[in-house]
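Novice: Predicted model follows, preceded by the sequence.
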Amino acid sequence: MESVDLQIKQSRIKLEENNSSKIYLENLSNELFYEIFDYLDSCDVYKAFSNLNIRFQNLIFHSSFPLKINFCTKSKSIIEDYCRHLIIPNTHRILSFDLRSELIIDQFVKCCTINSSFNRLESIILHGLTDRQLLTMLFYLNSLPCLFSLTIDMEEDYYYNLGDIYRLIFSLSKLKYNKMSLFGYEELFIEMPIIINERFSTIEYLIIDFDI
């Protein structure tokens, strides 16, 4: 009997030792969660954590850690939800946008206007948009106080008004890096605008990627 009691006691001690070595999600510090979130797309963070409990809602919606927005979904309802609950209330926290298609960009601009309230927005990547969409976007991007990087991928089958496009790109007051990728053309003529009586462009790295 004593031997059985001893075995039970030893098993209980071993179990307690194993439990003490476990790390529970709720015991992690806010700072550690911020570091984890920094490696993730903020839309994924919102989708995965926002409905867990009050603590994660506060971490996501009532803190200052920067948001990196990567739209891959083409769902109108999901984009509207992200804009309404994540982006518009937190324009001052957004560090970057990555918009992946013409449809996504079109839906995004219907739900959200980029303006000076995005005062931490440093980088924008636009994929597969039309020249009409790009000209509209560039008009609004001029209000951004911290936009340092702009990457644009444009597909074939669109008319490219490149003179007007580059005129607006060169007018972006803080831009340091610009890459324009054009795909699917055997010939392409780019007329770079001559800007008279205007300040010099701040661009330090200008890349034109033309691929047949």
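Specialist: All right, it came through fine.
Novice: in the chain, which spans are strands?
Specialist: With DSSP state E as the criterion, the chain has strands at 67-71, 94-99, 123-127, 149-154, 177-183, 205-211.
Novice: of all those, which lies closest to residue 107?
Specialist: strand 67-71 (8.7 Å; Cβ to Cβ). For glycine as for every other residue, the C-beta is placed from the backbone atoms N, C-alpha and C.
Novice: tell me the angle of that closest one relative to strand 94-99?
Specialist: Between strand 67-71 and strand 94-99, the angle comes out at 10 degrees (axes from the mean of the first three to the mean of the last three Cα atoms, to 10 degrees).
Novice: Give me the distance between strand 67-71 and the centre of its chain.
Specialist: Centre-to-centre, strand 67-71 and its host chain are 3 Å apart (Cα atoms, centre = their mean, to the nearest Å).
Novice: again, but for stretch 107-114
Specialist: 14 Å.
Novice: returning to that earlier point: and the strands of the chain as TSV, adding distance to residue 164?
Specialist: Formatted as TSV, the strands of the chain follow (distance: least, Cβ to Cβ, whole Å):
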stretch	distance to residue 164
strand 67-71	26
strand 94-99	21
strand 123-127	16
strand 149-154	14
strand 177-183	13
strand 205-211	16
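Novice: Now mean neighbour count, mean pLDDT and distance to residue 166 too, for those strands, in CSV please.
Specialist: CSV is the format used below for these (neighbours: other Cβ atoms under 10 Å; pLDDT from 0 to 100; distance: least, Cβ to Cβ, whole Å):
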stretch, mean neighbour count, mean pLDDT, distance to residue 166
strand 67-71, 20, 93, 25
strand 94-99, 20, 96, 20
strand 123-127, 19, 95, 15
strand 149-154, 19, 93, 11
strand 177-183, 17, 89, 8
strand 205-211, 12, 84, 9
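Novice: end-to-end on stretch 155-173?
Specialist: 27 Å (Cα to Cα, to the nearest Å).
Novice: just to revisit the earlier point, out of the strands of the chain, nearest to residue 82?
Specialist: Closest approach to residue 82 among the strands of the chain (Cβ to Cβ): strand 67-71, 7.4 Å.
Novice: Summarise which helices and strands the closest one is packed against.
Specialist: helix 42-49, helix 76-82, strand 94-99 (3 or more Cβ pairs under 8 Å, 6 or more residues apart in numbering; DSSP states H and E).
Novice: So for residue 162, which of these sits nearest?
Specialist: Taking these one by one with Cβ to Cβ, strand 94-99 is closest: 20.2 Å.
Novice: Which stretches in the protein count as helices?
Specialist: 2-20, 30-38, 42-49, 54-61, 76-82, 102-111, 131-141, 162-170 (DSSP state H).
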